[in-house]
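**Student:** Sharing a model that was predicted from the sequence below.
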Amino acid sequence: MTDTTSDLSTVGTSASDNPAAAAGAAAPVAKEIRQVERVVIRFAGDSGDGMQLTGERFTSETAAFGNDLSTLPDFPAEIRAPAGSPAGVSGFQLHFSDHDILTPGDEPDVLVAMNPAALKAYLKDLPRGADLVVNTDAFTRGNLKKAGYATNPLEDGTVDEYRVHRVPLTSMTIEAVGALDGVNKKESERAKNMFALGLMSWLYHRPTDGTESFLRAKFAKRPEIAEANVRAFKAGHAYGETTESFSVSYEVAPAVMSQGTYRNISGNLATAYGLVAASQLSGLPLFLGSYPITPASDILHELSKHKKFGVRTFQAEDEIAGVGAALGAAFGGALGVTTTSGPGVSLKSETVGLAVALELPLLICDIQRGGPSTGLPTKTEQSDLLQAMFGRNGEAPLPVIAAQSPADCFAAVIEAARIATKYRTPVMFLSDGYLANGSEPWQLPALADLPDLTVEFATELNSPDGTEFWPYLRDPETLARPWAVPGTPGLEHRVGGLEKADGTGAISYDTDNHDRMVRLRQAKIDGIANDIEPLAVDDPSASSGDGADLLVLGWGSTYGPVAAACRRVRNNGGKVAHAHLRHLNPMPANTADVLRSYRRVLVPEMNLGQLLLLIRGRYLVDAVGFNQVRGLPFKAAELEAAIQEELAR
């Protein structure tokens, strides 16, 4: 936490740390309130302890309060991982502040550990002097053994470097819930996450009414469970007010943001909303053909709720059927979409190649995860870039677009739809697990600011003599072929994977025609570079005529950590420029000029150098990479060190 000022409230007489006080029997104690600029909290426990729900509720109240924020959920791939083991730990990190922030934070200021396994998994990330809240009830001999502790870390000096708050969360929750009809002891115990949420809500002055309303709505069919959770939540809040363990609480003022309406949004939700918006903007019905796969499934779940907007969702039996149905819908005049992750892209590749040959608009949303094969389903990575670029047989170019933040998924997927429909091409949209599950405030755009995606279908004969319909007679500007909806009188035509004759669309085995068609398809994609924004560079020192020598070039979800690292370097007197690619194929027309304007180029990626390979090969620039594949986003401090190392050369 970053202290700015201290409120002069004094610490008064204490109440005893007991369940009765926690439940509100004791009067609140006057305590010091400190103003801080930013806080990073991590909730951690078993995957069945409700840590994701706890984090999401704290996030929702923080967003409603008006702070800027960024989140990082971290959970195991198993539906129910081994209880009490470090492999089964589920974490949720939230960074909130009174100013603009870009990342979920490098390290937590507060770790809430619900059991020894959570402590084992995350203590290494906690800096010295940070706050550690532990559920002492969970530190039994059996749980310690499951977590790999030979001795109790609360007693052997392991946590001496931290401000440790020992809270018997489980027993206090059970006592606070009391004897509720229809609620057994196990169900009472499950509410301990709400006790922890109440305590943290008191500690950081978060609103509480929204959480109580949420709980009563969530458990409306079992009001006794709702009451149990509300009691635990209120008890945790009261415990913070009355205990001596917390003598200080903290306030983080709302952030200054541009005027507008905001909501907290995750990357997958923003992608779903962007697809619905693209459908409305284009006037095309949205068809999603998808097979559930982590971390993309939430897009399917969300879109299935929006039938009133003309959205049709099809949960296919496999990845191939999903993309095949989406391509068929595109042939029928719909906005065809398929969602998946890296393993699914591999399976879909033949049909995506067919879409390239048919020259029909199709959106392939690849929410990347750790690979290869099944890999790390719930962890993030940027390792599908080369697959997106080249993962099809033959010369099968297609545009590739990557979102840079959770909220940016909305605009980025609309841009993907714009290019797909205008240029009659499949488009690969890249997000990843970090963006998909992370969240941040999103300013709702004005409808007038959204692009016009109106599509004009072919309705008339178009051959030179006016007697036939030629499905491959191209627009001279975009090189897109006409899109004729099946059933349009007189516009019957054949489609398929065999090569087509230029213009007429008849099957052709002519070698010269094939060469021409391959070059035309490539030229169509290359020409998109003239229809996208130029690559922008953030280089504050350039205005003084003494610009930076080093350019940091990123793409996708590295935007936040890279921008934060560049800020740190500049605040310490260093000069560094930052550019970020949204369009990866084709790249903006000025990319070569930008790269050659700097003596050195650093390319950070969560892979082993895939963009670096493209940059070096395409532009002959002697760029260097900074690469990690740990399943986690970069930390700003790591990138700052890498930038400083480059500057020192």
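**Tutor:** Received, thanks. Residues are numbered from 1 along each chain as shown.

**Student:** Assign Met200 to helix, strand or coil.
**Tutor:** Judged by DSSP: H, G, I helix; E, B strand; the rest coil, the three-state class of Met200 is helix.

**Student:** list the contacts for it?
**Tutor:** Taking CB atoms under 8 Å, 6 or more residues apart in numbering as the criterion, Met200 is in contact with 41, 43, 58, 110, 112, 206, 236. Every C-beta, even on glycine, is put in place using the N, C-alpha and C of the backbone.

**Student:** same check, this time on Gly260
**Tutor:** Under the criterion of CB under 8 Å, 6+ apart, the contact list for Gly260 reads 443-444.

**Student:** Next: Gly336.
**Tutor:** Contact criterion CB under 8 Å, 6+ apart gives 287, 289, 326-330, 360-363 as the residues in contact with Gly336.

**Student:** before we move on, what about Arg418?
**Tutor:** Residues in contact with Arg418 (CB under 8 Å, 6+ apart) are 278, 451, 453.

**Student:** one more time with 7 Å
**Tutor:** By CB atoms under 7 Å, 6 or more residues apart in numbering, the contact list for Arg418 reads 451, 453.

**Student:** How about the one 10 residues further on?
**Tutor:** Met428 is in contact with 364, 366, 388, 398, 400, counting by CB under 7 Å, 6+ apart.

**Student:** With secondary structure as extra columns, can I get these in JSON lines?
**Tutor:** Formatted as JSON lines, the entries for the contacts of Met428 read as follows, by three-state DSSP:
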{"residue": "Ile364", "secondary structure": "strand"}
{"residue": "Asp366", "secondary structure": "strand"}
{"residue": "Ala388", "secondary structure": "helix"}
{"residue": "Leu398", "secondary structure": "coil"}
{"residue": "Val400", "secondary structure": "strand"}
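
**Student:** Confirm for me that Gly433 is in contact with Gly371.
**Tutor:** No. Counting by CB atoms under 7 Å, Gly433 sits too far from Gly371 to count as a contact (11.4 Å).

**Student:** When those two are compared, which one has more neighbours?
**Tutor:** Gly433 (29 against 20; other CB atoms under 10 Å).

**Student:** do you know how far the more buried one is from Ile364?
**Tutor:** When CB to CB, to the nearest Å is applied, the distance between Gly433 and Ile364 equals 17 Å.

**Student:** Flag the shaky bits of the chain, pLDDT-wise.
**Tutor:** When the per-residue scores of the chain are filtered using pLDDT under 70, the ranges that remain are 1-29.

**Student:** Point to the residue nearest the middle of it.
**Tutor:** Closest to where the C-alpha atoms of the chain average out (CA atoms, centre = their mean) is Leu435, at 1.2 Å.

**Student:** What strand or helix carries it?
**Tutor:** Here Leu435, judged by DSSP states H and E, is contained in helix 433-437.

**Student:** tell me which residues in stretch 578-598 are buried?
**Tutor:** The neighbour-count check on stretch 578-598 (16 or more other CB atoms under 10 Å) flags 578-589, 591-592, 594-595, 597-598 as buried.

**Student:** buried ones in the helix ranked longest in the chain?
**Tutor:** Ordering each helix of the chain by length in residues (DSSP state H) puts helix 223-242 first. Neighbour-count burial for helix 223-242 flags 225-242 (criterion: 16+ other CB under 10 Å).

**Student:** Off-centre distance for it?
**Tutor:** For helix 223-242, the gap between its own C-alpha mean and the chain's C-alpha mean amounts to 31 Å (CA atoms, centre = their mean, to the nearest Å).

**Student:** For it, name the packing helices and strands.
**Tutor:** With contacts defined as 3 or more CB pairs under 7 Å, 6 or more residues apart in numbering; DSSP states H and E, the packing partners of helix 223-242 are helix 19-22, helix 169-177, helix 185-190, helix 192-203, helix 209-218.

**Student:** again, only using 10 Å
**Tutor:** With contacts defined as 3 or more CB pairs under 10 Å, 6 or more residues apart in numbering; DSSP states H and E, the packing partners of helix 223-242 are helix 19-22, strand 163-167, helix 169-177, helix 185-190, helix 192-203, helix 209-218.

**Student:** Deepest-packed of the ones you listed, please.
**Tutor:** Neighbour counts (mean count of other CB atoms under 10 Å) averaged over each of those peak at helix 192-203, with a mean of 27.

**Student:** how about that helix as CSV, C-alpha atoms only?
**Tutor:** Coordinates of the C-alpha atoms in helix 192-203 are reproduced here as CSV (Å, rounded to 0.1, in the frame of the first residue of the first chain):
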residue,chain,number,x,y,z
LYS,A,192,-16.3,-18.3,6.1
ASN,A,193,-15.4,-16.7,2.9
MET,A,194,-18.1,-14.1,3.5
PHE,A,195,-16.7,-13.5,7.0
ALA,A,196,-13.3,-12.7,5.3
LEU,A,197,-15.1,-10.5,2.8
GLY,A,198,-16.8,-8.6,5.6
LEU,A,199,-13.5,-8.1,7.4
MET,A,200,-11.7,-6.8,4.3
SER,A,201,-14.7,-4.6,3.5
TRP,A,202,-14.3,-2.9,6.9
LEU,A,203,-10.6,-2.7,6.5
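
**Student:** isn't Ala325 right next to Lys348, touching?
**Tutor:** No. With contact defined as CB atoms under 10 Å, Ala325 does not reach Lys348; the gap is 11.4 Å.

**Student:** Now Gly490: which helix or strand?
**Tutor:** When secondary structure is defined using DSSP H and E, no element contains Gly490, which sits outside every helix and strand.

**Student:** Use 105 as the first number for this chain going forward.
**Tutor:** OK, 105 is where the count begins now, so the last one is Gly594.

**Student:** Skipping its backbone neighbours, what lies nearest Ile424 in space?
**Tutor:** Closest residue in space to Ile424, ignoring its immediate chain neighbours: Leu451 at 5.6 Å, by CB to CB, 6 or more residues apart in numbering.

**Student:** Could you give the number of residues near that neighbour?
**Tutor:** Each residue near Leu451 was counted by other CB under 10 Å, and the total is 17.

**Student:** re the thing from before, among the buried residues of stretch 682-702, which lie within helices?
**Tutor:** If you go by DSSP H, these have 695-696, 698-699 in helices.

**Student:** Alright, that wraps it up for me.
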